[in-house]
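Q: my questions concern the predicted model and sequence given below.
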Amino acid sequence: MIGAVIGYASAMSSHLEQQAKKSLGQHFLRDFSAIRRIVSAIPEGATAIEIGPGPGALTESLLKRVSHLTVIEMDNRFAAQWQGEAEENPALSVIHGDVMQELDGAIVSCAPQWIAGNLPYNISGPLTAKLAGFSLSGGMVLMYQREVAERIASEPGSKVYGGLSVLVRHYYDVRRLLTLPPGAFSPPPKVHSAVILMTPHGKTPPCSYESLQKAVRQGFAHRRKTIANNFRGDLSAEQFESIGIDPRKRPEQLDYDAWSRITLALSRRD
């Protein structure tokens with residue numbers, strides 16, 4: 001029996017490796033324990049969007065758990081596979097296209113409570129900046145390269161704390177759910193991966209997400225400079241002090257609340 005299981009796992013891994021496209025950053029999850037933990041983070045009966053279902057490691061389990069699932073798939077092969085299944089399953093909808101272009105419309109039309117996905121490595125940064133701007137009632141459970149996950153979940157003062165660390169906290173509390181070795185995927189990536197769980201903190205943000213994004217982009221443009229230098233010509237040292245921020249601090253030393261105050265100060269200037 002053990003030999004049969006090992007043989008099946010080996011055959012599955014080989015099949016997935018043949019399916020993966022390097023150009024799309026595809027690494028397919030094949031760790032059953034990880035799949036259970038990711039899917040169980042989403043409550044039964046919820047509505048959800050899955051980004052990049054691929055051959056369906058998460059998808060099949062999600063369909064058994066949620067009331068309706070919309071998948072966004074760019075790869076023609078997998079889009080056709082899920083479109084065929086959707087014809088037989090009213091709980092499944094398929095959007096065939098680039099998630100960076102389709103996401104806004106999908107969220108408006110589907111009104112999901114949750115978003116899940118093993119995000120393509122090659123667009124995980126800009127995609128997260130986009131995802132963080134949506135306020136979901138449930139949250140998001142997303143897989144990344146470990147170093148990207150560490151940036152997202154890091155706290156002020158960390159060497160890896162950056163723009164994404166601030167942006168995801170506009171609507172959400174953030175924590176790392178699990179870490180996975182390369183062998184949990186096929187083909188195995190060169191790095192470890194990690195799953196991030198984002199759940200709503202329930203606070204009303206003091207500024208718009210778009211204005212926060214603009215401030216963060218400017219403020220982290222030169223990490224080694226002080227915050228006053230990065231906003232020279234826009235905010236003076238005295239203005240920073242008036243909103244409770246030491247102008248000598250560097251951008252990675254400031255928490256979300258400080259960044260929201262900077263954003264509001266910039267908007268008053270405009």
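A: Arrived safely.
Q: now do the strands in the stretch 151-270 of the chain.
A: 172-180, 185-186, 193-200 (DSSP state E, counting those that start in this stretch).
Q: could you list the low-pLDDT ranges of the stretch 1-150 of the chain?
A: 1-27 (pLDDT under 70).
Q: which stretches in it count as helices?
A: 2-19, 32-40, 59-65, 76-86, 99-110, 124-131, 146-153 (DSSP state H, counting those that start in this stretch).
Q: with mean neighbour count and distance to Asp173 as extra columns, can I get those in CSV?
A: Quick note: C-beta positions are derived from backbone N, CA and C, even for glycine. Formatted as CSV, the helices of the stretch 1-150 of the chain follow (neighbours: other Cβ atoms under 10 Å; distance: least, Cβ to Cβ, whole Å):
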stretch, mean neighbour count, distance to Asp173
helix 2-19, 12, 33
helix 32-40, 16, 18
helix 59-65, 18, 22
helix 76-86, 16, 31
helix 99-110, 15, 20
helix 124-131, 19, 15
helix 146-153, 20, 10
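Q: can I get those helices in a markdown table with distance to Ile49?
A: Compiled in a markdown table, the helices of the stretch 1-150 of the chain are given as follows (distance: least, Cβ to Cβ, whole Å):
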| stretch | distance to Ile49 |
| --- | --- |
| helix 2-19 | 22 |
| helix 32-40 | 14 |
| helix 59-65 | 10 |
| helix 76-86 | 13 |
| helix 99-110 | 6 |
| helix 124-131 | 10 |
| helix 146-153 | 19 |
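Q: related to what we said a few turns ago, out of the strands of the stretch 151-270 of the chain, nearest to Ile262?
A: strand 172-180 (19.8 Å; Cβ to Cβ).
Q: relative to Ile95, which of the strands of the stretch 151-270 of the chain is closest?
A: strand 193-200 (21.5 Å).
Q: direction included, what does that closest one pair up with?
A: strand 139-145 (antiparallel), strand 172-180 (antiparallel) (DSSP bridges).
Q: chain center to the shortest one: distance?
A: Centroid displacement of strand 139-145 relative to its chain, using Cα atoms, centre = their mean, to the nearest Å, is 5 Å.
Q: now do it against helix 124-131, angle only.
A: Using axes from the mean of the first three to the mean of the last three Cα atoms, to 10 degrees, the direction of strand 139-145 lies 170 degrees away from that of helix 124-131.
Q: check the burial of the closest residue to Val168 other than its chain neighbours by counting its neighbours.
A: Leaving aside its sequence neighbours, Val168 sits nearest to Ala132 (Cβ to Cβ, 6 or more residues apart in numbering; 4.6 Å). Ala132: 23 surrounding residues under other Cβ atoms under 10 Å.
Q: so who does Ala132 touch?
A: 164, 167-168, 170-172, 198, 209 (Cβ atoms under 8 Å, 6 or more residues apart in numbering).
Q: my guess is Ile262 contacts Lys214. True?
A: No: in this structure Ile262 lies outside contact range of Lys214 using Cβ atoms under 8 Å: 10.6 Å.
Q: who has more neighbours, the two?
A: Just comparing Ile262 and Lys214: by other Cβ under 10 Å the higher neighbour count belongs to Ile262, 27 against 14.
Q: and that one, what's its pLDDT?
A: Ile262 carries a pLDDT value of 98.
Q: so what's it up against?
A: Taking Cβ under 8 Å, 6+ apart, one finds 215, 219, 227, 231, 235, 240, 243, 245, 254 in contact with Ile262.
Q: just the buried residues of these.
A: 215, 219, 227, 231, 235, 240, 245, 254 (16 or more other Cβ atoms under 10 Å).
Q: from those residues, which land in helices?
A: Under the assignment DSSP state H, the buried ones among the contacts of Ile262 contribute 215, 219, 227, 240 to helices.
Q: turn those residues into JSON lines, including pLDDT.
A: Listed next are these as JSON lines, based on pLDDT from 0 to 100:
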{"residue": "Ala215", "pLDDT": "98"}
{"residue": "Gly219", "pLDDT": "97"}
{"residue": "Ile227", "pLDDT": "97"}
{"residue": "Phe240", "pLDDT": "97"}
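Q: okay, now the closest residue in space to Gln239 that isn't next to it in sequence: neighbour count?
A: Distances taken as Cβ to Cβ, 6+ apart place Ala265 nearest to Gln239, at 6.1 Å, with adjacent residues excluded. By other Cβ under 10 Å, 19 other residues sit near Ala265.
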